[in-house]
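Trainee: Sequence and predicted structure are below.
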Amino acid sequence: MADESKDLAPGLPSSAERSSAQQAEHEARGGVVAGRARQGMFGVQGWGDTSGYGGLKLPAYVPPPAQRPYGDGFDELTDELLAAMNERGVPAAAIQQVTVDRGEITYYVRREHLVALCRTLRDDPALRFELCSSVSGVDYGTEVPQRLHAVYHLTSMTYRRRIRLEVAVDVDDAHVPSMVEVYPTADWHERETWDMFGIVFDGHPALTRILMPDDWDGFPQRKDYPLGGIPVEYKGAEIPPPDQRRAYS
């Protein structure tokens, strides 16, 4: 396994280095942080922005907590989930936040309760989320605490419902329990997420590379992963490799 500590951007705080004020703000938001502030349409810095949007400033995106009523049957679903959690001894605090956006519901889950929560979602007669259709990852960038998110899409074929679970972790502690024992379909999905984002799924039966060679260094879909490449000559001009060209993100 590659040394994950080197993936932290120089000068940026890890979870252990954040100030008390930063940590307090982080906890006040339930530990769910995503996105980063952006200036200019393409995030260009140190160059003239030919897009014409150089003065545009966008705040960091943070998924807003939804307020009751959620609508679209999500209130009934959430009540059934909370009742099932209580019955099975899963604390209500296992769900950090609920977000409803564009007709979809997302439950942000504390990783230590993920397996028990998924087993509840699968087995409870009022829920019956029998299928984990995908596991994927997101990296929100080096400036964001808990920048890595593991994302799970669950489907109830019995009740024709779909939900999303998200688990947020720090890059220097990127561990999430494996879902393979609950949803065998998560096996290769978790391998791909590990391969691309470096999220370690503890308890996975064979967490190995699935797309990159076994001895590959780094995780290609992290935001701080170097693009690499070689310079190319074209009609007497030298085109620099991608990581040395003008950046648009």
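Mentor: That came through, no problem.
Trainee: which stretch of helix or strand covers the residue nearest to the spatial centre of the chain?
Mentor: Nearest residue to the geometric centre of the chain (CA atoms, centre = their mean): residue 149, 1.7 Å. Under the criterion of DSSP states H and E, residue 149 resides in strand 148-156.
Trainee: Mind exporting the C-alpha coordinates of that strand to CSV?
Mentor: The C-alpha trace of strand 148-156 is given here as CSV (Å, rounded to 0.1, in the frame of the first residue of the first chain):
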residue,chain,number,x,y,z
LEU,A,148,-12.8,11.6,0.6
HIS,A,149,-16.4,10.3,0.4
ALA,A,150,-17.4,6.7,-0.1
VAL,A,151,-20.8,6.7,-1.9
TYR,A,152,-23.3,3.8,-1.9
HIS,A,153,-26.5,3.5,-4.0
LEU,A,154,-29.0,1.1,-2.5
THR,A,155,-32.1,-0.2,-4.3
SER,A,156,-35.2,-1.8,-2.8
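Trainee: just to revisit the earlier point, who's in contact with the residue nearest to the centre of the chain?
Mentor: 34, 137, 138, 139, 140, 166, 167, 168, 169 (CB atoms under 8 Å, 6 or more residues apart in numbering). The way it works is simple: take the backbone N, C-alpha and C, and place the C-beta from them, glycine included.
Trainee: any idea how far it is from residue 110?
Mentor: To residue 110, residue 149 is 13 Å away according to CB to CB, to the nearest Å.
Trainee: Identify the contacts common to those two.
Mentor: Joint contacts of residue 149 and residue 110 (CB under 8 Å, 6+ apart) are residue 167.
Trainee: before we move on, back to that, for the residue nearest to the centre of the chain, give the beta-bridge partners.
Mentor: Residue 149 forms beta bridges with residue 138, residue 168, as assigned by DSSP bridges.
Trainee: What confidence value was assigned to it?
Mentor: Note for residue 149: predicted pLDDT of 96.
Trainee: Just the buried residues of the top helix by length along the chain, please?
Mentor: Counting residues, the longest helix found in the chain (DSSP state H) is helix 74-88. In terms of neighbour count (16 or more other CB atoms under 10 Å), helix 74-88 has its buried residues at 74, 77, 78, 80, 81, 84, 85.
Trainee: residues touching the residue nearest to the second one when sequence neighbours are not counted, list them.
Mentor: Read it as residue 77. Among residues not flanking residue 77 along the chain, residue 161 sits closest, at 6.6 Å (CB to CB, 6 or more residues apart in numbering). Neighbouring residues of residue 161 by CB under 8 Å, 6+ apart: 73, 77, 129, 155.
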